[in-house]
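> Just to be clear, the model below is a prediction. Sequence and coordinates:
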Amino acid sequence: MKASSQRKELKEENEQLRDELRALRAALSRERRDQRSKLGLFDRAISTNDLRRVGEDMYRHFFREFGVLRGDITILTDYDERSFYDTIGWTPKQPPLTGTELQKLARKHQALLNTLIEEQIFIGYTREEEAHIRRSHMMEQSMLECMLAKKPRIVNDVFAELTPAEQEEARAQQTKAWVNLVVLNPENSKLLAKMHMSFKTAKKYTAAQLAKELGPFENLLRHRIFHTRDFKRVKYLSECDNLTGFHLRPVVAGRFDHLIYGLKKKQKPERLSLVMMDLDYFKRFNDKYGHDVGDLVLKTFSSAVQASIRSSDMVGRYGGEEFVLLLPGARAKDVLVVLDRISSRLSGANCLPKAQRSAGAQEEHIRFSAGIVTLTSANPKFANFDEAIKAADDLLLHSKRTGRNRCSFHRSSGGIKVKKLA
């Protein structure tokens with residue numbers, strides 16, 4: 001009887017050991033899988049400058065390993081923190097704001113907060129859900145809280161920790177817990193990015209636990225933000241003129257070739273207008289007032305052009321005071337509207353040095369002349385960028401000869417039409 005009892009106990013102990021061994025093997029397997037997933041994620045992240053791709057890859061890992069339901073990443077611009085605090089009327093010495101106070105402040109400064117967003121990445125949301133969140137002002141409130149507190153916000157049970165209004169919003173999103181992680185700039189502690197994760201079950205996270213499990217991902221995102229900004233800065237310097245901010249000639253030529261290829265393939269847009277522009281009497285500014293004033297004239301012209309064109313248009317500095325503008329889909333009459341807009345913006349500009357203005361010097365206006373060529377899918381006209389530039393430059397010279405501050409283009413019926421700019 002005693003031997004039978006001992007055998008039974010031994011059998012139970014063996015079963016328990018086998019269960020523990022199976023559990024240990026499963027845990028080790030999960031850990032190895034998690035490590036492989038992490039390594040793959042980090043390897044892919046360091047090989048791209050696409051922050052959206054990095055963010056989506058990270059959240060796929062979160063979905064699988066942490067049970068995240070959905071999430072988003074908000075990346076901020078390099079904003080002036082002191083100026084931001086002054087604008088919203090807040091100082092770091094103030095006590096933490098309540099949810100109601102944050103909501104009120106976020107609604108009041110919604111436009112300002114939106115200007116500080118460099119990129120937003122939504123993962124796991126439908127378009128309708130994303131649109132709803134944007135309308136609700138929850139994004140701005142959450143972002144503002146992270147900018148002021150500079151520490152994670154952990155809500156392990158929304159129905160025990162949040163206000164009734166916030167609970168209703170969480171219920172609509174099928175969320176029972178959520179976390180806001182902050183990614184700070186180590187140099188000045190400003191908020192670089194906010195990572196939001198929502199869960200469909202209540203949690204028991206602590207700040208220490210989150211730091212241990214998600215700290216590597218915060219560091220990864222921080223590194224990729226800095227690297228991407230450096231990449232964009234180098235790319236900008238290699239592609240843009242540092243005085244005007246306009247693209248350099250090779251970049252515009254490449255864009256022209258791409259658009260012409262589309263025209264020849266009968267792709268949309270079905271037309272392309274190219275404009276050559278030249279500042280009238282620009283040499284006079286340099287000779288009379290110095291190159292600093294000449295540079296100011298170029299910057300003023302640049303600002304007027306940038307404020308007058310669409311995001312799909314491209315402007316380049318061709319050389320000196322000559323510029324080239326590409327307007328996909330635009331007819332000559334559409335281009336005239338843009339050129340008049342630029343001219344109107346320049347009409348109130350006064351680039352004279354303060355000393356000359358005080359001495360009563362006559363006001364100097366910035367004027368320009370232009371030539372327009374329009375290509376269509378039915379008649380691309382020119383084989384390459386240089387041919388199109390030559391044709392537009394000939395029309396520009398025609399504008400100069402007929403009085404300056406004018407634009408010339410070919411009529412569809414034949415001949416050249418000259419229009420005085422506003």
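Perfect, I can see it now. Owing to the predicted nature of the structure, the values given are computational and were not obtained by experimental measurement. Numbers count the residues shown, from 1 in each chain.

> what helix or strand does the nearest residue to Glu130 once chain neighbours are set aside sit in?
Spatial nearest neighbour of Glu130, excluding adjacent residues (C-beta to C-beta, 6 or more residues apart in numbering): Phe122 at 4.9 Å. For glycine as for every other residue, the C-beta is placed from the backbone atoms N, C-alpha and C. Remark: Phe122 resides in strand 117-123, with elements defined by DSSP states H and E.

> and the very next helix or strand once past that strand, how far from the chain's centre?
Proceeding N to C from strand 117-123, the next assigned helix or strand is helix 127-136, under DSSP H and E. Relative to its chain's centre, helix 127-136 lies at 19 Å (C-alpha atoms, centre = their mean, to the nearest Å).

> May I see the buried residues of helix 127-136?
130, 133 (16 or more other C-beta atoms under 10 Å).

> same deal with stretch 406-414?
406-410.

> and what of stretch 276-287?
276-282, 285.

> Select from those residues every entry located in helices.
282, 285 (DSSP state H).

> Count the neighbours of Gly319 for me.
For Gly319, the count of nearby residues is 11 (other C-beta atoms under 10 Å).

> and it, what are its bridge partners?
Gly319 has these beta-bridge partners by DSSP bridges: Glu322.

> Would you mind measuring from it to Ala370?
Distance of Gly319 to Ala370, computed by C-beta to C-beta, to the nearest Å: 16 Å.

> what do you get for Lys8?
99 Å.

> Likewise for Gln120?
Distance of Gln120 to Ala370, given as C-beta to C-beta: 38 Å.

> how about the strands of the protein, start to end?
68-76, 117-123, 153-155, 177-184, 191-199, 247-248, 271-279, 314-319, 322-328, 368-376, 406-410, 416-420 (DSSP state E).

> could the ones you listed be laid out in CSV, adding distance to Thr98?
Supplementary listing: the strands of the chain in CSV, determined by distance: least, C-beta to C-beta, whole Å:
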stretch, distance to Thr98
strand 68-76, 22
strand 117-123, 24
strand 153-155, 13
strand 177-184, 16
strand 191-199, 19
strand 247-248, 48
strand 271-279, 55
strand 314-319, 48
strand 322-328, 50
strand 368-376, 55
strand 406-410, 59
strand 416-420, 61
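
> Would you mind giving those as CSV with distance to Asp19 and mean pLDDT added?
As requested, the strands of the chain are exported to CSV (distance: least, C-beta to C-beta, whole Å; pLDDT from 0 to 100):
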stretch, distance to Asp19, mean pLDDT
strand 68-76, 30, 93
strand 117-123, 37, 91
strand 153-155, 33, 94
strand 177-184, 30, 95
strand 191-199, 29, 95
strand 247-248, 67, 94
strand 271-279, 72, 95
strand 314-319, 67, 94
strand 322-328, 68, 96
strand 368-376, 76, 94
strand 406-410, 84, 95
strand 416-420, 88, 92
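
> ok, back up a step: could the buried residues of stretch 406-414 be laid out in JSON lines, adding distance to Glu140?
Below are those laid out as JSON lines (distance: C-beta to C-beta, whole Å):
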{"residue": "Arg406", "distance to Glu140": "48"}
{"residue": "Cys407", "distance to Glu140": "44"}
{"residue": "Ser408", "distance to Glu140": "49"}
{"residue": "Phe409", "distance to Glu140": "46"}
{"residue": "His410", "distance to Glu140": "51"}
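
> Run a quick neighbour tally on Met58.
For Met58, using other C-beta under 10 Å, the count is 24.

> just Arg222 next, same as before
Count around Arg222 with other C-beta under 10 Å applied: 16.

> picking that back up, and of the buried residues of stretch 276-287, the nearest to Thr100?
Taking C-beta to C-beta as the measure, Thr100 lies nearest Met277 of the buried residues of stretch 276-287, at 53.6 Å.

> and the gap between that closest one and Ala383?
In terms of C-beta to C-beta, Met277 sits 23 Å off from Ala383.

> and if you look at Ile121?
Counting by C-beta to C-beta, the separation of Ile121 from Ala383 is 42 Å.

> Between the two, which is the more surrounded one?
Ile121 (19 against 9).

> ok so, going back, more crowded one of Gln120 and Ala370?
For Gln120 versus Ala370, neighbours defined as other C-beta under 10 Å are more numerous around Ala370 (27 against 17).
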